[in-house]
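> predicted coordinates and the sequence they were generated for:
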Amino acid sequence: MSGEVQAAAVLGGLTESEESETRRPPQAPRRRRLGLGDWLLPAYVVIAFVFLLIPIAYTFVFSFNDSLKSNIAWRGFTFDKWLNVCNVEGGAVCEAFGNSILIGVVSTVVATTLGTMIAIALVRYRFRARSSISLLLFLPMATPEVVLGAGLAAQFLAVGVPKDMTTIILAHTMFCISFVVVTVKARVASLDPALEEAGRDLYGSPREVFWRITFPLLTPGIMAAALLSFALSFDDFIITNFNSGSVTTFPKYIYISAARGIPAEANVIASAVFIVALVIVVGAQVSRAARAKRLAAQTG
């Protein structure tokens, strides 16, 4: 009997405590005190973006400057530089830009093709000196561009090859291959071999399996490597300056013009390149989001 009384007392106490908790007014949530990290990281991000975007904004704004020879001081707003971009110095700026585009495209195609084949061979096959080749492919990425450019120039001089656009393409292809191999190699390593085995089980030839299964899966990595290779080739100055001879690329033209004042037409081309790159990136993101939404709607 005493056990029942104790149990009833305990239950009664629990009931009273629950009723008192329900009658107690809800307490307002405590405000968390802002620490140093809560505002330091956002401030750092804002400062970093401002630091990165100020040169781009300056280049874009001064592409509309009504300048004469130098484009340092603001003299007035005009669209003439955009409409007549190739009229300065007999079209030298457009010729330099065209050379950079041609060199970048050829170097990208060659480096992407060779780098993709090398990446597949390093991941899928076992052979002698495989580790040594992987190490050697990293050397151009770790070597300073001054050393690399001077070494290539000395090699071309020793062989007797005249410095022109061909030597620039060879030099750009050489250092771009390393970046292509690293990018595509990571993509190849992430592929599921079962997909290719399924293609072979369905009586697909090695050529059909590669072009219908492997290559489409490698396409994102190959495209990323090609874009990176083109950006590196288009932007390079040090290696180009050692191996260009009389050929002028867009970065080399900017460097030479800096002594006497960069014309506003160079700002126009730089701004146009930035706008095109921005449109490509935004378009790719929008297309990816639309494709993901469409796939979600189909699966749902």
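That came through, no problem.
> can we go C-alpha only for contacts and neighbour counts from here?
Fine.
> give me the neighbour count for the nearest residue to Ser70 once chain neighbours are set aside.
With sequence-adjacent residues excluded and distances taken as CA to CA, 6 or more residues apart in numbering, Ser70 is closest to Gly261, at 4.4 Å. Each residue near Gly261 was counted by other CA atoms under 10 Å, and the total is 15.
> distance of Gly261 from Ser233?
Using CA to CA, to the nearest Å, Gly261 is found at 24 Å from Ser233.
> what do you get for Cys176?
Counting by CA to CA - Cys176 and Ser233 are separated by 7 Å.
> overlap in contacts of those two?
Ser107, Thr108 (CA atoms under 8 Å, 6 or more residues apart in numbering).
> what about the stretch 201-300 of the chain, any weak spots by pLDDT?
Applying pLDDT under 70 to the stretch 201-300 of the chain flags the ranges 300.
> mind listing what's buried along stretch 68-76?
Residues of stretch 68-76 classed as buried by neighbour count (16 or more other CA atoms under 10 Å): Asn71.
> now for the helix or strand containing Val93, which elements pack on it?
Here Val93, judged by DSSP states H and E, is contained in helix 92-124. Secondary structure elements in contact with helix 92-124, counted by 3 or more CA pairs under 8 Å, 6 or more residues apart in numbering; DSSP states H and E, are helix 165-189, helix 215-235, helix 250-257, helix 264-299.
> center of the protein - which residue?
Among the residues of the chain, the one closest to the centroid is Leu228, at 5.6 Å (CA atoms, centre = their mean).
> could I get the helices and strands packed on helix 92-124 as a markdown table with distance to Pro42?
Putting the helices and strands packed on helix 92-124 into a markdown table (distance: least, CA to CA, whole Å) gives the following:
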| stretch | distance to Pro42 |
| --- | --- |
| helix 165-189 | 31 |
| helix 215-235 | 29 |
| helix 250-257 | 34 |
| helix 264-299 | 24 |
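> go through the ones you listed and name the closest to Val105.
helix 215-235 (6.6 Å; CA to CA).
> packing partners of the closest one?
Using 3+ CA pairs under 8 Å, 6+ apart: helix 215-235 touches helix 92-124, helix 165-189, helix 250-257.
> between helix 215-235 and the shortest one, find me the angle.
Spelled out, it's helix 250-257. Using axes from the mean of the first three to the mean of the last three CA atoms, to 10 degrees, the inter-axis angle of helix 250-257 relative to helix 215-235 is 10 degrees.
> only alpha carbons, please: show helix 250-257 as PDB.
Output of helix 250-257 as PDB, limited to C-alpha atoms (Å, rounded to 0.1, in the frame of the first residue of the first chain):
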ATOM      1  CA  PHE A 250      48.200  41.700 -76.400                       C
ATOM      2  CA  PRO A 251      50.000  41.500 -73.100                       C
ATOM      3  CA  LYS A 252      53.200  42.400 -74.700                       C
ATOM      4  CA  TYR A 253      51.500  45.400 -76.400                       C
ATOM      5  CA  ILE A 254      50.200  46.600 -73.000                       C
ATOM      6  CA  TYR A 255      53.700  46.300 -71.500                       C
ATOM      7  CA  ILE A 256      55.300  48.300 -74.300                       C
ATOM      8  CA  SER A 257      52.600  50.900 -74.300                       C
END
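> great, nothing more from me.
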